[in-house]
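S.K.: Sequence first, predicted coordinates after that:
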Amino acid sequence: MTQPVSNCPNCGAKIVFQWSSSVQTVCQYCKSILVRTDVDLKKVGQVADLPPDSSPIQLNTEGIYRNKAFVVGGRILYEYDQGGWNEWHITMNDGTSAWLSDAQNEFAVSFASNAAGLPASGQVKVGQQYNWNNQSYTVSVITPAHYRGVEGELPFQYWDKTDVTFADLRSQSGKFATLDYSDEHPALYLGEFVEFDDLKLKNLRSFEGW
Amino acid sequence: MSAGTPPLSTLPKPQAKALNCPQCGAAITLRALGHAETVVCESCHSILDAKDPNLRILQTFQAIIGEVPPLIPLGTRGKLRGTDYEVIGFQRRGIKVEGISYYWHEYVLFNPYKAIRYLTEYNGHWNDISVCKELPIVQFATANYLGEVYKHFQSSDATTNYVLGEFPWQVRVGEHAAVTEYVKPPRVLSAEKTANEVTWSLGEYIYGADIWKSFNLPGSPPEAIGVYENQPSPVSENVKGIWGAFLAFAIFLLVLMAGFDLASSKGTAFESTYTLNYGEPKGEASFVTQTFDLEGRTSNVEVTTSANVSNSWIYLNFALINQDTGQAWDFGREVSYYYGSDSDGSWSEGSTKDSVVIPSVPAGHYYLRIEPEVDAKHAPISYSVEVKRNVTVPGFFGIAFLALLIPAIAITWRSISFERARWSESDHPPVQIQLGNSEE
């Protein structure tokens, strides 16, 4: 794998992209949010100190999903009135981009979907049913959340957010869907809940006393 | 591949932080390594913001019904289904049914790598609870979850009225949730509905003794009182089994009976008819029959006596004698039949036929010695004696049948009683049968 190397326009530190399709990264030294352009890296923002973290996952955590190895490359942190959660961006060994969400150690793996006919932000209500890819989903919760920060590499630009709304949907078979209303057009992610043990995670954080 | 990656300085070193309550100054221990949203001071019960470095006070509450010490102290660690958990939070919640309040306790279990689990306790009945990932399908009074049907048990409004320790959500005393419970012992499926969320969780009944062992607690758990909604019935599992066994055994018995019937070289070994004429003297009238053969292996012999008695009786002293060995079986049989009518209508007593089975008679040449006794003024009585080899004894099979039927009925009865006790606490109580005053 080629690992394009450049330098942080803010502090000059070496920036290595682990994943060639990354659009954005965060300088691990000065916390500048850097976006790839055709020619160089541009600083678009700065990550404030992230809140104390409780996730057992961290950058470079590796695991296996459906017989494919993956590695954690970056994350987006959100907060809502009942806590916080992480959307870890993972890349599979075949180059596929996916998300491993970790909400208080409840894990789900999801993939961006290009399904059409997504409900607009105001239309979606708890209990509604939607059908995507021949799978029925029911809206279980609508979460008004707050963007809290980013870390590592991401497949798109994501930094100037404040309040974002999510609708989580569940199915009768453990499938999972999220409607992300971060942007003007809703984005849909389809996936499933996964068991911590099934992911065979390596390079996890260690917790003192555990 | 990650050469040159600096240490991830954004990650604070996790450890149990020692802090003080801004309300009363008591020491606050944070155990959940950043997972907690709220922490409750164990001393003054102020609910504090666990994410705030200064532990901002979110709510203070008075323990209305007094202090409730958790049965499993906060900070206790134990292994549950293969994973280590630490008790980090405790709450008491209550529901009101027909004006009576019922309380149960919930323990929040933490492991930094696994999802939060809960233990609940009500009157010594425990449940191990985790949040459902799949969505149950609710239809009328049932919920279908992962292919299993759960029956609606109770819908209630649960209120939190006492909290202690840490919670991974914003806990408040006084908060309400509409709780709907469906049961399929030993599991319970519950939906907790708040303003903008429905959370389904699955509980599995667990015995207090197992928790005491898992968490290495001193003493013994409180005794379980009554029957709990998803408590596995100690007998219901056996009901199907015992009736299955009963059926199988009954069939086996029938086959066995039929088999005996077919296999036995059954048949009449001897048959003869005699007459006692009117006034023939009784006694000293004994006689012997001709010799007959009893064949095959050692087996039973049935002696049937029929007599045309009518409001009279005949008594016969029998001896079955083995001609070869001299071994004898003595027995007396009475044939009597009486009938008539009185103010209650007609009646009858006795029968004109009698039979007896003599067990374990070896093969050989046999004869009978017969000594009839009758009333002095008897009418002529004609009687016949028949000797059969290898008869099937339904009595034995009947006893075996009953021996299995009785426990089957007893177990079924116990199971029904248990289920009645379970459902009497639900929204769908079984119809009560009032048996007078039971003021005990």
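M.R.: Done, it's in.

S.K.: Show me how chain A divides into domains.
M.R.: Following the assignment in automatic domain parsing, chain A carries domains at A:5-46, A:62-199.

S.K.: Name the next helix or strand following the longest strand along chain A along the chain.
M.R.: Longest strand of chain A, by residue count under DSSP state E: strand A:135-152. Using DSSP states H and E, the next helix or strand after strand A:135-152 towards the C-terminus is strand A:163-170.

S.K.: could you check the angle strand A:163-170 makes with the helix or strand just after that next one?
M.R.: Later in the chain than strand A:163-170, the nearest helix or strand by DSSP H and E is strand A:175-180. Orientation of strand A:175-180 against strand A:163-170 (axes from the mean of the first three to the mean of the last three CA atoms, to 10 degrees) gives an angle of 160 degrees.

S.K.: Residue of chain A closest to chain B, please.
M.R.: A:S54 (3.5 Å; CB to the nearest CB). Quick note: C-beta positions are derived from backbone N, CA and C, even for glycine.

S.K.: Give the closest residue to the residue in chain B positioned nearest to chain A in space, chain neighbours not counted.
M.R.: At 3.5 Å from chain A, B:G34 is the closest residue in chain B, using CB to the nearest CB. Of all residues not flanking B:G34 in the chain, A:S54 sits nearest, at 3.5 Å (CB to CB, 6 or more residues apart in numbering or on different chains).

S.K.: Can you report phi and psi for that neighbour?
M.R.: phi -120, psi 0 (degrees, to the nearest 10).

S.K.: Please apply the same query to B:W413.
M.R.: Phi and psi for B:W413, reported as degrees, to the nearest 10, are phi -60, psi -50.

S.K.: What count of nearby residues applies to it?
M.R.: Neighbour count of B:W413, defined by other CB atoms under 10 Å in any protein chain shown: 12.

S.K.: returning to what we had before: can I assume the residue nearest to B:G34 is in contact with B:N111?
M.R.: No: at 11.5 Å, A:S54 does not count as touching B:N111 under the criterion of CB atoms under 8 Å.

S.K.: The residue most central in space within chain A: which element?
M.R.: Centroid-nearest residue in chain A, with CA atoms, centre = their mean: A:E87, separated by 3.1 Å. According to DSSP H and E, A:E87 maps onto strand A:83-92.

S.K.: Write down the beta-bridge partners of the closest residue to A:A177 other than its chain neighbours, one by one.
M.R.: Once flanking residues are discounted, A:A177 sits nearest to A:L169: 4.0 Å by CB to CB, 6+ apart. Counting by DSSP bridges, A:L169 is bridged to A:V139, A:A177.

S.K.: Need the pLDDT of A:L169.
M.R.: At A:L169, the model reports a pLDDT of 93.

S.K.: again, but for the one 4 residues further on
M.R.: The pLDDT attached to A:S173 in the predicted structure is 85.

S.K.: and B:R422, how many neighbours?
M.R.: 21.

S.K.: for it, helix, strand, or coil?
M.R.: Per DSSP: H, G, I helix; E, B strand; the rest coil, the secondary structure class of B:R422 is helix.

S.K.: how far away is it from B:S201?
M.R.: B:R422 is 20 Å from B:S201, where distance means CB to CB, to the nearest Å.

S.K.: Same check on B:A209?
M.R.: 24 Å.

S.K.: thinking again about what came up before, ok, now which ones touch the residue nearest to the centre of chain A?
M.R.: When contacts are counted by CB atoms under 8 Å, 6 or more residues apart in numbering or on different chains, A:E87 touches A:R75, A:I76, A:Y78, A:W99, A:L100, A:S101.

S.K.: what separates B:E106 from B:N127, distance-wise?
M.R.: B:E106 is 9 Å from B:N127, by CB to CB.

S.K.: what's residue 182 in contact with, if anything?
M.R.: By default, I'm working from chain A. A:Y147, A:Y158, A:K161, A:V164.

S.K.: Hmm, no, I was thinking of chain B.
M.R.: B:P136, B:T142, B:A143, B:Y150, B:K151, B:H152, B:F153, B:V188, B:L189, B:S190.

S.K.: Nearest residue to it in space, ignoring adjacent ones along the chain?
M.R.: Leaving aside its chain neighbours, B:Y182 sits nearest to B:Y150 (3.5 Å; criterion: CB to CB, 6+ apart).

S.K.: Read off the pLDDT value for B:Q323.
M.R.: Reported pLDDT for B:Q323: 91.

S.K.: Do a quick rundown of the strands in the stretch 101-250 of chain B.
M.R.: Using DSSP state E, counting those that start in this stretch, the strands found in the stretch 101-250 of chain B span residues B:114-122, B:125-131, B:137-139, B:142-145, B:148-167, B:176-184, B:187-194, B:197-206.

S.K.: got a markdown table for the ones you listed, with mean pLDDT too?
M.R.: Shown next, in a markdown table, are those (pLDDT from 0 to 100):
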| stretch | mean pLDDT |
| --- | --- |
| strand B:114-122 | 94 |
| strand B:125-131 | 96 |
| strand B:137-139 | 90 |
| strand B:142-145 | 94 |
| strand B:148-167 | 93 |
| strand B:176-184 | 95 |
| strand B:187-194 | 93 |
| strand B:197-206 | 92 |
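
S.K.: now those strands in CSV, with distance to B:E42?
M.R.: Converted to CSV, the strands of the stretch 101-250 of chain B look like this (distance: least, CB to CB, whole Å):
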stretch, distance to B:E42
strand B:114-122, 19
strand B:125-131, 23
strand B:137-139, 39
strand B:142-145, 37
strand B:148-167, 6
strand B:176-184, 24
strand B:187-194, 26
strand B:197-206, 26
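
S.K.: returning to what we had before: out of the contacts of A:E87, who has the most neighbours?
M.R.: Counting by other CB under 10 Å, top hit in those: A:R75 with 29 neighbours.

S.K.: Just to be sure, it is in a strand?
M.R.: Yes: counting by three-state DSSP, A:R75 is found in a strand.

S.K.: Quickly list what it is bridged to.
M.R.: Residues in a beta bridge with A:R75, per DSSP bridges, are A:W88, A:E151.

S.K.: show me what contacts it?
M.R.: Contact partners of A:R75, counting by CB under 8 Å, 6+ apart, are A:L59, A:N86, A:E87, A:W88, A:H89, A:V150, A:E151, A:G152.
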